[in-house]
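K.L.:
Structure here, sequence nowhere to be found:
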């Protein structure tokens, strides 16, 4: 059944758009001249179809294509491949949106924990949650563990690795995970640690062993680097590990951010999704951020909600405004600003947590 | 040692470029205010440095940043993260080029087989090589095996899966690999089959078992979907498997194609790299293709060469021109055009092979 509906923005001359749209539907399905296909089943069930062409901004067109759900094999990497694999090489094409039937979204499965599961795990049943990061890259495991204790003592809910922490000699993955996790445990802190899981398939398999041995309950990963399929497998196979998705390398700037970081990451199992908040170091607009948060947590085919985690150069002074903008189902992530506070990290963390937990301004 | 040199193209006002360049060096290294870093080792060895700012086309700037090689952990995904992870989210930044010291490139290792190893494996010691693809998505294993036999009987050197073939119900991975590989063996054909390896870390591990059981010697994978780190691990850990890299999802259009598909894929182990040839369905220019082929196969710190595989809507009528353009160390890939030939697939394949093997026009 051709029920994977994909919306592209195509920039080309009006006289070419029909042919261009047909070529796009072929490119993203059978990738060969349909006239040379002899199998009736393939022609009927698999070749992409143009469902709609509508004029859009700036002389571009909004083209809706229908693809076969079966062509995704219900695998996340292959879904991405069918949505945008080859077309990503064509500058005139942008991926704007997609949708699947409810049954197929259930097969993909979405977040194993979702916002409700994260709240239970963190013991934060109302209001916004807080997150900070272990930095800088280059620090020793002991230094990072010490920072984790100070952030945890300040009341932060989730302490994640900086996304640049991988498996470097400064603080090798296994040593770092052990140091941070045991320091939090020793101090009796409630904070959950989310280490960065990275590397190829084999490194990830051995990293998962470390996480299991250390009783780690959350993990940070960058699906556009380690593979969307790997995140999806974890969500299905290791639901005890809550997933915090990082947007590194997701900035093709040719996939609408709400579609990629909101919808697709949610579908493929992100319990929480980090993204650059408007007004920070990155260029997302307030509208983009609102749409992204909506795609992550609004009702969609019965999937659990992903927790929006706006970040990227945020300051404690923006907490009230961010709470008003995002509402309660959000986790605010402030990293560097806590580390440079003249109050010291623990007091700065406590102020941040109090601002988030306190009555809205 | 800060010896990972990265070149970015930055678009901003001239009065802002120095601050913008410094922020970029921080973003791609410690990702926190350097003033809050107390560890002298981190300040000296890890914080990125701006090495050069030069005016470039259209009022943009060419910014050279030096990062710590150690920050990559000598892991491919993390290298990509350090090169462009967060900056990929900033529209004003493009990744133009990078270089590493010779010792670090040797540690990454590059192609395990390279052009020379592929020639030995294929028994083609001189001149260009040939490749075609099993299509369309939706076909049964038997239909794909039959097509493989016809292409192999026509003399094609490498028969790859269409990049849309993954692990779908039409032709599940293990069944397809067995059907195609045993058909080629039964017919005594010399062609090597390169199936698509896809999915998350666990699916890839089990896919590798299938390839080992069936004696498959080549594999097709899309590093930007399954993870650059996974390709790199395979190149290091399974050198008996020659790697054909596919450019799906590599079209961020904000990484120079020669840098991504030529240099980075080579560094991380691609024995051959498929890319859209100029004049086909995609928009790469002849200059881009020449630079990409150069990055793949020219001398670079002693790494083995990657074989350029221009593709994307190529026609047999272009063989002479492509041979003249790329020279001998190339593999020409023609898929759809062989399948729609009125001659039939086997005869069309034979004509293609003869044109490639024959005297240059």
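P.N.:
Structure received. These numbers come from a predicted model, not from an experiment.

K.L.:
Look up how far chain B lies from the residue lying closest to residue A:114 once chain neighbours are set aside.
P.N.:
Nearest non-adjacent residue to residue A:114, counting by C-beta to C-beta, 6 or more residues apart in numbering or on different chains: residue A:304, 2.8 Å away. C-beta coordinates here come from the backbone N, C-alpha and C atoms, glycine included. Going from residue A:304 to chain B by C-beta to the nearest C-beta, to the nearest Å gives 19 Å.

K.L.:
Residue A:280 now?
P.N.:
10 Å.

K.L.:
Three-state assignment for that residue, please.
P.N.:
In three-state terms, and counting by DSSP: H, G, I helix; E, B strand; the rest coil, residue A:280 is coil.

K.L.:
ok, it touching residue A:311?
P.N.:
Yes. Residue A:280 lies in contact with residue A:311 (C-beta atoms under 8 Å); the separation is 7.5 Å.

K.L.:
Show me which of these two is the more surrounded one.
P.N.:
residue A:311 (24 against 16; other C-beta atoms under 10 Å in any protein chain shown).

K.L.:
tell me the pLDDT at that one?
P.N.:
Confidence at residue A:311, expressed as pLDDT, is 90.

K.L.:
Just list the residues touching it, thanks.
P.N.:
Shown in contact with residue A:311 (C-beta atoms under 8 Å, 6 or more residues apart in numbering or on different chains): A:131, A:274, A:275, A:276, A:277, A:280, A:333, A:334, A:335.

K.L.:
Bridge partners for it, pull those for me.
P.N.:
Taking DSSP bridges as the rule, residue A:311 bridges to residue A:276.

K.L.:
Please, where are all the strands along chain A?
P.N.:
Assigned by DSSP state E, chain A shows strands spanning A:4-10, A:49-55, A:61-67, A:93-99, A:129-134, A:158-161, A:192-194, A:218-221, A:242-245, A:272-276, A:307-311, A:331-333.

K.L.:
Also compute the angle for the fifth one relative to strand A:307-311, please.
P.N.:
For strand A:129-134 against strand A:307-311, the angle by axes from the mean of the first three to the mean of the last three C-alpha atoms, to 10 degrees is 50 degrees.

K.L.:
so what's the residue sitting furthest away from the middle of chain A up against?
P.N.:
Computed with C-alpha atoms, centre = their mean, the residue of chain A farthest from its C-alpha average is residue A:38, at 40.5 Å. If a contact means C-beta under 8 Å, 6+ apart, then residue A:38 has no contacts.

K.L.:
cool, and residue A:294?
P.N.:
A:258, A:262.

K.L.:
Could you report the distance from it to residue A:270?
P.N.:
In this view, residue A:294 and residue A:270 are 15 Å apart by C-beta to C-beta, to the nearest Å.

K.L.:
ditto for residue A:114
P.N.:
Going from residue A:114 to residue A:270 by C-beta to C-beta gives 10 Å.

K.L.:
Which one of those two is surrounded by more residues?
P.N.:
Neighbour count, other C-beta under 10 Å: between residue A:114 and residue A:270, residue A:270 has more, with 32 against 22.
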